[in-house]
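Participant: sequence and predicted model, in that order:
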Amino acid sequence: MFGNRDIGIDLGTSSVLIYMRGKGVVLREPSVVAIDTKGGKILAVGSTASKMLGRTPGNIVALRPLQDGVISDYEITEKMLRYFFRKAIVRRFGRKPRVIVCVPSGVTEVEKRAVLDASYEAGARRTYLIEEAIAAAIGAGIDISKPYGNMVVDIGGGTTDIAVISLGGAVVTDSIKVAGDTFDDSITRYMRKTYNLLIGDRTAERMKINIGSAIPRKEDAVMEVTGRNLISGLPRTIVVSSQEMVEALQEPLETIVETIHSVLEQTPPELSSDISEIGITMTGGGSLLYGLDKLLEDRLKIKINVVDDPLSCVAIGTGKALQDIDLYTDTPAFNSR
């Protein structure tokens, strides 16, 4: 049994969430670090560093040390985790915690080892790894130990993780590097191609949140967008509609639909029957895209259930797993050090 000092971490490409037993989600910060390139000194982490994206002078770089759901810069990730550990835990308890960290399904042993090592070096006493889709299912209130098929689709920042779960483990899984960040990239490419307008990552993200759409809206939403005209080199402001976002996001959404369809095709018949009856559970920030649930229902002919708190669902799942760690560590979804 884990104690109150132990934590669950949703270590995402876009953000890091820390769940503490008895307290809920105690930290929610962007996965961004600002570094002085001259001396290698870390200047800011999390929300403060995120505000610097696209606005730094030549000697400062604001970067995301995780890409596509895995660690791309080990040293910076370790320092980022150390900062978050201290912010969320040490000031409260002053003792090293035991930790559960989420990882995408299908990550390599080398990538798992990098997460385990980074967590240990950041101050964890012991670290467990749990697949994101499993954590999402637990966070959604699904009893994964039952002999009943459940499908979970977790659309995060760097990856979309899909799993059919039964008897405590994943029967069929897939993880693709198409998710929220891909939506942002698609919007950026659309603006460049359609309007010769170069926009920043933060602008693309705001467009996704405010007018992003998987299907046409009943009433078209619009947003003023400012960027740099690639022909004149001068700032330019234009009005963009949600209908245009449907076109911009068509390609990544089609990839997600096809991947879910592929997982369903590989699912044993009895479990397919269960999924058809209860529907597909969708979590992650990407599930908040307007009309995505309706698009999937139309294409897959299966009910889509978006959880109440899709942004925190995975972190909440790690917290619930903390309470029954002995039950879950016997499943193939877990690794530990």
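Facilitator: Great, that's in hand.

Participant: can you map out the strands along the stretch 1-150 of the chain?
Facilitator: Assigned by DSSP state E, counting those that start in this stretch, the strands in the stretch 1-150 of the chain fall at 7-11, 15-20, 24-30, 33-36, 42-45, 60-63, 66-67, 70-71, 98-103, 126-131, 150-155.

Participant: next: the stretch 201-337 of the chain.
Facilitator: With strands called from DSSP E, counting those that start in this stretch, the stretch 201-337 of the chain shows them at 222-229, 235-241, 280-283, 304-306, 334-336.

Participant: highest mean neighbour count out of those strands?
Facilitator: Of the strands of the stretch 201-337 of the chain, the one with the most neighbours on average (mean count of other CB atoms under 10 Å) is strand 280-283, at a mean of 26. C-beta: built from backbone N, CA, C; applies to glycine.

Participant: in its sheet, what does the host helix or strand of Ser175 sit against?
Facilitator: For Ser175, the enclosing helix or strand under DSSP states H and E is strand 169-176. Paired strands of strand 169-176, with direction, are strand 160-166 (antiparallel) (DSSP bridges).

Participant: and the host helix or strand of Thr182, what other elements does it pack with?
Facilitator: Thr182 belongs to helix 180-195 when elements are defined using DSSP H and E. On a contact count with 3 or more CB pairs under 8 Å, 6 or more residues apart in numbering; DSSP states H and E, helix 180-195 meets strand 197-198, helix 201-211, strand 235-241, helix 242-248, helix 250-266.

Participant: do you know which of those lies nearest Ala49?
Facilitator: helix 201-211 (12.5 Å; CB to CB).

Participant: same for the closest one, what does it pack against?
Facilitator: helix 180-195, strand 222-229, strand 235-241, helix 242-248.

Participant: what sits up against the last one?
Facilitator: Counting by CB atoms under 8 Å, 6 or more residues apart in numbering, the neighbours of helix 242-248 from elsewhere in the structure are 186-187, 189-191, 194, 207-208, 211-217, 220-222, 290.

Participant: may I have that helix exported as PDB, CA atoms only?
Facilitator: Extracted C-alpha coordinates of helix 242-248, given in PDB (Å, rounded to 0.1, in the frame of the first residue of the first chain):
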ATOM      1  CA  SER A 242     -14.100  27.100 -37.800                       C
ATOM      2  CA  GLN A 243     -15.100  25.600 -41.200                       C
ATOM      3  CA  GLU A 244     -11.600  26.200 -42.300                       C
ATOM      4  CA  MET A 245     -10.300  24.300 -39.300                       C
ATOM      5  CA  VAL A 246     -12.400  21.300 -40.400                       C
ATOM      6  CA  GLU A 247     -10.300  21.300 -43.600                       C
ATOM      7  CA  ALA A 248      -7.000  21.900 -41.800                       C
END
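
Participant: wait, Ile71 touches Arg113, no?
Facilitator: No. Taking contacts as CB atoms under 8 Å, Ile71 lies outside contact range of Arg113: 9.9 Å.

Participant: these two: which is more packed in?
Facilitator: Ile71 (23 against 15; other CB atoms under 10 Å).
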